[in-house]
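Peer 1: Provide a 3D model corresponding to the input given below.
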Amino acid sequence: MRNLHLYFKYSAFVLLSSSSLFPQNLVAQAPSCSEEDRAALLSFKAGILKDTTGILFSWVGTDCCGAWEGIECHPETGRVIKLQLQRPRESVGQNLYMKGFLSPSLGKLQFLQVMVLSGMKQIKGYIPESFSDLGHLTQLYLEDSLLEGTIPSSFGKLSSLIALSLSGNHLQGQIPQSLGSLKNLSQINLGRNSLTGMVPSSFRNFRSLQSLDLSYNLLSGEIPSYIGFFKNLTYIDLSNNQLSGVMPISLCNLTNVLDISLSHNKLTGLIPSQIGNLKLLNSLSLSSNSFTGSIPESLGGLQKLWYLNLSKNDNNVSGSLPQFSEGFRLKCLHLSKNKITGQIPSSISNLTTLEVLNLSRNQVFGVIPATMGKLLRLQWLDLSNNNLTGSIPAVFSRLSNIRHASFRVNSLCGQIPQGRPFNIFPVAAYAHNQCLCGQPLPPCKKI
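Peer 2: Here you go, the predicted structure:
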């Protein structure tokens, strides 16, 4: 009933405002742009020496509220509340950018709630300290440009901030402890910079955090165990740093997490068996570390997992492959360059959605199970550099989607499946085996 009442109230307003019975000057007019805000925006424009995006071409005249691209004003006060300049998504491959400096004048937009300067490529200089005066700011995105220097510690004053992204710049120094004061943050992305030091202990205050990305930096020290208390966390990427120590068991408390990437660090110890608690996990990447021990059997129960990468380590992950239950959604399984032993389980046929399988450079032995012929979506298969024996199952001829396969450096024997694409792969795909034969190798000898 309340919505119906509002509908009639709105309808009546439209009817009255359009009626010729009422003077035009009674119709509400949008307020003009604040002169103070307009001056701040023009100062920013003056610092941009070249704009091939064309966005700033519209920044002429006095109507910054209604005519300037990327600007939104409060409908009643005319104060600028949103500055959103993003390189168009359809511009991939085009040389669109803004070249210049980030003007401190934007710190005078005292009613600004959203600032997005994303993908401008060539805006350089330091992040102005004046931005910490934007007390109403809820979203701050300064992404993919050439910003340098340190993250201002005064950003800790932005108490209304919900989302902060400074990714894809040239920022250096340590992450300020003061950022821990931003208790309302649900998203923080400082990835793809050159930040050093440890993950601040003050980050434990981020109890509403949903997304944490500190990837591609030079961070060191251990992964803080308090991360396991971020009950709302769905995405965590700490990859491509210099983090050491063990993978905290507390990470396995993140029952809402969808994606975890800790690859390309210096992590050691075991992969916790409690990882099987993460029933919603879609993607897990632990590659290029120094983990030891076996692959937890509990991984075989994560039926929503579609990407698993434990490859390319100084890794000493050992033991055999887990059994895979029905209903698995795994699309990509990378386990190369470890010390995995045992046989390929016949239950691998349950991975009916699998598109990429890489078990290369391990110590897997036994025969290739014929049940793998059920993996009809498989596009990439690498079983090279193992101790496999027997033949390549003839049923592999069903795998018509295969684009790459390698069986080299094993002890395989017998006829290669004589259907496409297996009979047209390069000779190198079958090299250094015991007695494989048939195209593209020489014909099998008749007995």
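Peer 1: quick one: the spatially closest residue to Cys33 that is not a sequence neighbour and Leu134, what's the gap?
Peer 2: Spatial nearest neighbour of Cys33, excluding adjacent residues (Cβ to Cβ, 6 or more residues apart in numbering): Cys64 at 3.9 Å. For every residue, glycine as well, the C-beta is placed using N, CA and C. Separation of Cys64 from Leu134 (Cβ to Cβ, to the nearest Å) stands at 17 Å.
Peer 1: what about Ser118, distance to Glu143?
Peer 2: 4 Å.
Peer 1: neighbour-wise, which of the two wins?
Peer 2: Ranked by neighbour count (other Cβ atoms under 10 Å), Ser118 and Glu143 place Glu143 first, with 21 against 16.
Peer 1: how about the strands in the stretch 101-250 of the chain?
Peer 2: Taking DSSP state E, counting those that start in this stretch as the test, the strands found in the stretch 101-250 of the chain are 114-118, 121-126, 139-143, 146-149, 163-165, 170-174, 187-189, 194-197, 211-213, 218-222, 235-237, 242-246.
Peer 1: I'd like to know which of those is closest to Gln84.
Peer 2: Each of the strands of the stretch 101-250 of the chain has some distance to Gln84 by Cβ to Cβ; the shortest is strand 114-118, at 4.3 Å.
Peer 1: now the helices for the chain?
Peer 2: Ranges of helices in the chain, per DSSP state H, are 2-18, 35-46.
Peer 1: If you average pLDDT over each of those helices, which is lowest?
Peer 2: Lowest mean pLDDT of the helices of the chain: helix 2-18, a mean of 35.
Peer 1: gap between Trp380 and Thr268?
Peer 2: 29 Å.
Peer 1: Oops, could you answer that again for Ser181 instead?
Peer 2: 33 Å.
Peer 1: With Tyr307 instead?
Peer 2: Distance of Tyr307 to Thr268, computed by Cβ to Cβ: 23 Å.
Peer 1: the more surrounded of these two?
Peer 2: Tyr307 (18 against 15).
Peer 1: Surely the more buried one is in contact with Leu284?
Peer 2: Yes. Contact criterion Cβ atoms under 8 Å: Tyr307 and Leu284 qualify, at 7.0 Å.
Peer 1: Poorly predicted segments of the stretch 51-200 of the chain, please.
Peer 2: Low-confidence segments of the stretch 51-200 of the chain (pLDDT under 70): 88-93.
Peer 1: and the nearest residue to Gly366 once chain neighbours are set aside, what does it touch?
Peer 2: Leaving aside its sequence neighbours, Gly366 sits nearest to Gln343 (Cβ to Cβ, 6+ apart; 3.5 Å). Contacts for Gln343 (Cβ atoms under 8 Å, 6 or more residues apart in numbering) come out as 320-321, 364-367, 369.
Peer 1: Can you add neighbour count, pLDDT and distance to Ser32 and give these back as a markdown table?
Peer 2: Compiled in a markdown table, the contacts of Gln343 are given as follows (neighbours: other Cβ atoms under 10 Å; pLDDT from 0 to 100; distance: Cβ to Cβ, whole Å):
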| residue | neighbour count | pLDDT | distance to Ser32 |
| --- | --- | --- | --- |
| Ser320 | 15 | 89 | 72 |
| Leu321 | 23 | 89 | 68 |
| Val364 | 23 | 96 | 72 |
| Phe365 | 15 | 96 | 78 |
| Gly366 | 15 | 96 | 78 |
| Val367 | 14 | 97 | 79 |
| Pro369 | 17 | 96 | 74 |
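Peer 1: Pull the number of nearby residues for the nearest residue to Gln323 once chain neighbours are set aside.
Peer 2: Using Cβ to Cβ, 6+ apart and skipping residues adjacent in sequence, the residue nearest Gln323 is Ser347, 4.8 Å away. Neighbours of Ser347 under the rule other Cβ under 10 Å: 17.
Peer 1: Would you mind measuring from Gly221 to Leu214?
Peer 2: 12 Å.
Peer 1: returning to what we had before: quick one: the residue nearest to Gly366 from Asn309, how far?
Peer 2: Distance, Gln343 to Asn309, by Cβ to Cβ: 22 Å.
Peer 1: Ok, Ile424 next?
Peer 2: Taking Cβ to Cβ, one finds Ile424 at 29 Å from Asn309.
Peer 1: out of these two, which sits in the busier spot?
Peer 2: Neighbour count, other Cβ under 10 Å: between Ile424 and Asn309, Asn309 has more, with 20 against 10.
Peer 1: my guess is Gln187 meets Ser211, correct?
Peer 2: Yes. The criterion here is Cβ under 8 Å, and Gln187 meets it with Ser211 at 4.4 Å.
Peer 1: Excluding chain neighbours, give the residue nearest to His170 in space.
Peer 2: Glu148 (4.5 Å).
Peer 1: hang on, the earlier thing: per-residue pLDDT of the residue nearest to Gly366, please?
Peer 2: Gln343 is given a pLDDT of 95.
Peer 1: Then Gln323?
Peer 2: 87.
Peer 1: just checking, it touches Ser346?
Peer 2: No. Taking contacts as Cβ under 8 Å, Gln323 lies outside contact range of Ser346: 9.1 Å.
Peer 1: I'd like the distance between the nearest residue to Pro224 once chain neighbours are set aside and Ser159.
Peer 2: Spatial nearest neighbour of Pro224, chain neighbours left out: Val199 (5.5 Å); criterion: Cβ to Cβ, 6+ apart. Here Val199 is placed at a distance of 21 Å from Ser159 (Cβ to Cβ).
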